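In: Sequence first, predicted model second:
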Amino acid sequence: MPIAIEFFLHYAYWILFLWVMVEQLGAPIPSVPLLLTAGTLTATHQLSLAYVLISVVLGSLVSDSVWYLMGKKYGGTVVKLLCRLSMERASCVRRTENYFTKHGAGALVLAKFVPGLGSVAAPIAGQTGMKYRFFAVFDTAGILLWAVTATLCGRFFGDVLKKNPNALAWVEHSAFFLFVVLLLGFFIWRFLRQRAFLREIRMARLEPDELKQMLDREQPLYIVDLRHPLDYLPDPRTLPGAVLLSPDTLVEQADAIPRDRDVVLFCTCPSEATAAKMALTIRKLGVYRVRPLRGGYDEWKRLGYPLVEIPPQAAAVIEVG
């Protein structure tokens, strides 16, 4: 038996616990290839399925609890930090925030299945003030569902191989190599996807100083604040003349967007992800003069450019919507 496989089998449960915990803490090391490998080895009874699941659940629950407490104490700052560390930082936290707005604690059950949301869900749960006992129950259910799905996929593969002893023996001796290839393929796919998306953003985004000059010249603009209500609760201000719209509402009202002026979109997501995605979306609907603001709200604020208070009634309307 290869040394790598022998080492893994000897320390498998600790490796699973630590690997999943570190990934959920924000390190870009995907756990699914490891869970598939562990599931395959349970088919030959070299690993216990029950202990594999317990290791994964405990590792993920520990890291999720840490992020829950950090989110409860520091709010949106922690969410943005974790979003930047995530391999899916381009997807931003918008989808997770919408999950909680619509489904509450139940969003935790499926969060692990959505790339980029598994880690961000925990601090958002803390930020929204969810009771820890409810968080722990729903988060554990979500972790278990995710772990069972991935592990049983590997187990099914192992059961198929058991019918061909030669193939099973080859896989057992090549398992480490296959795991490395799968992991490298995962990183390459994410890297290429990220580069393509960022290339689109760089080609379209608007510099803050350019927008400031437009405002100083009183140039007609249509500025859209795409932030989630959780983002502007700690600082209820926005850019002068900006309208508050959710991405869904912006698409629904695409026909009402003026075509005779520049449309500027901004958010607080890393790499202006939500603004860039919505710019691409409404371009397909016929709004061509649209650009995301580089750095979004945070960069505009950092540069000391003018901000105006958001009327409480406007914030309430957006939150309800």
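Out: Looks like it arrived, so ask away. Residues are numbered from 1 along each chain as shown.
In: If I look at the closest residue to Phe113 other than its chain neighbours, what pLDDT would I see?
Out: Residue nearest to Phe113 in three dimensions, not counting chain neighbours: Trp146, with 6.2 Å by Cβ to Cβ, 6 or more residues apart in numbering. For every residue, glycine as well, the C-beta is placed using N, CA and C. Trp146 carries a pLDDT score of 93 in this model.
In: Please name every helix or strand in contact with the host helix or strand of Trp146.
Out: According to DSSP states H and E, Trp146 maps onto helix 132-162. If contacts are counted by 3 or more Cβ pairs under 8 Å, 6 or more residues apart in numbering; DSSP states H and E, helix 132-162 sits against helix 32-42, helix 49-74, helix 107-111, helix 121-127, helix 165-204.
In: any idea of the mean pLDDT for the longest one?
Out: Per-region confidence: helix 165-204 scores 65 on mean pLDDT.
In: Let the chain start at 35 from now.
Out: Yep, numbering from 35; the last one is helix 199-238 now.
In: Tally up the residues packed near Ala155, please.
Out: Other residues near Ala155 number 32, with proximity taken as other Cβ atoms under 10 Å.
In: I meant Val321, not that one.
Out: Neighbour tally, Val321, other Cβ under 10 Å: 19.
In: next one: Lys165
Out: 10.
In: Then Pro274?
Out: Neighbour tally, Pro274, other Cβ under 10 Å: 11.
In: Next: Ser65.
Out: Neighbours around Ser65, by other Cβ under 10 Å: 23.
In: With Thr174 as the reference, measure out to it.
Out: 16 Å (Cβ to Cβ, to the nearest Å).
In: List the residues that contact Ile344.
Out: By Cβ atoms under 8 Å, 6 or more residues apart in numbering, the residues touching Ile344 are Tyr266, Pro270, Arg271, Thr272, Leu278.
In: Quick check, Trp53 in contact with Pro67.
Out: No: using Cβ atoms under 8 Å, Trp53 is not in contact with Pro67, being 10.0 Å away.
In: Domains of this structure: list them as residue ranges, please.
Out: Under the assignment automatic domain parsing, the domains of the chain span 37-236, 239-354.
In: out of everything not next to it in sequence, what's closest to Ala181?
Out: Nearest to Ala181 is Val90, by Cβ to Cβ, 6+ apart, at 4.2 Å.
In: Let me know whether the one you found touches Trp48 as I believe.
Out: No: applying Cβ under 8 Å, one finds Val90 not in contact with Trp48, separated by 11.9 Å.
In: Pull up the overlap in contacts between the two.
Out: By Cβ under 8 Å, 6+ apart, no residue touches both Val90 and Trp48.
In: Could you tell me the least trusted of the domains of the chain?
Out: domain 37-236 (a mean of 77).
In: quick one on the thing from earlier: more crowded one of Val90 and Trp48?
Out: Of the pair Val90 and Trp48, Val90 is the one with more neighbours under other Cβ under 10 Å, namely 27 against 11.
In: how much space between the more buried one and Tyr45?
Out: 15 Å.
In: likewise Ala159?
Out: Computed as Cβ to Cβ, the Ala159 to Tyr45 distance reads 32 Å.
In: One more: Asp282?
Out: The value you get for Asp282 to Tyr45, if Cβ to Cβ is used, is 47 Å.
In: do Leu260 as well
Out: Computed as Cβ to Cβ, the Leu260 to Tyr45 distance reads 46 Å.
In: who has more neighbours, those two?
Out: Leu260 (28 against 12).
In: quick one, what contacts the more buried one?
Out: So Leu260 contacts Arg128, Leu279, Ser280, Pro281, Leu284, Leu299, Phe300, Cys301, Thr308, Ala309, Met312 (Cβ under 8 Å, 6+ apart).
In: Would you check how far apart the closest residue to Gly109 other than its chain neighbours and Glu241 are?
Out: Nearest residue to Gly109, sequence neighbours excluded (Cβ to Cβ, 6+ apart): Gln161, at 4.9 Å. For Gln161, the distance to Glu241 equals 31 Å [Cβ to Cβ].
In: Tell me which of those two has more neighbours.
Out: Gln161 (24 against 13).
In: from memory the more buried one sits against Gly105, does it?
Out: Yes: contact criterion Cβ under 8 Å: Gln161 and Gly105 qualify, at 4.5 Å.
In: from the contacts of Ile344, which single one is nearest Tyr256?
Out: Of all those, Leu278 has the smallest distance to Tyr256: 12.8 Å, by Cβ to Cβ.
In: who's that closest one bridged to?
Out: Beta-bridge partners recorded for Leu278 (DSSP bridges): Asp259.
In: correct me, but it touches Ile257?
Out: No: when contacts are counted by Cβ under 8 Å, Leu278 is not listed as touching Ile257 (10.4 Å).
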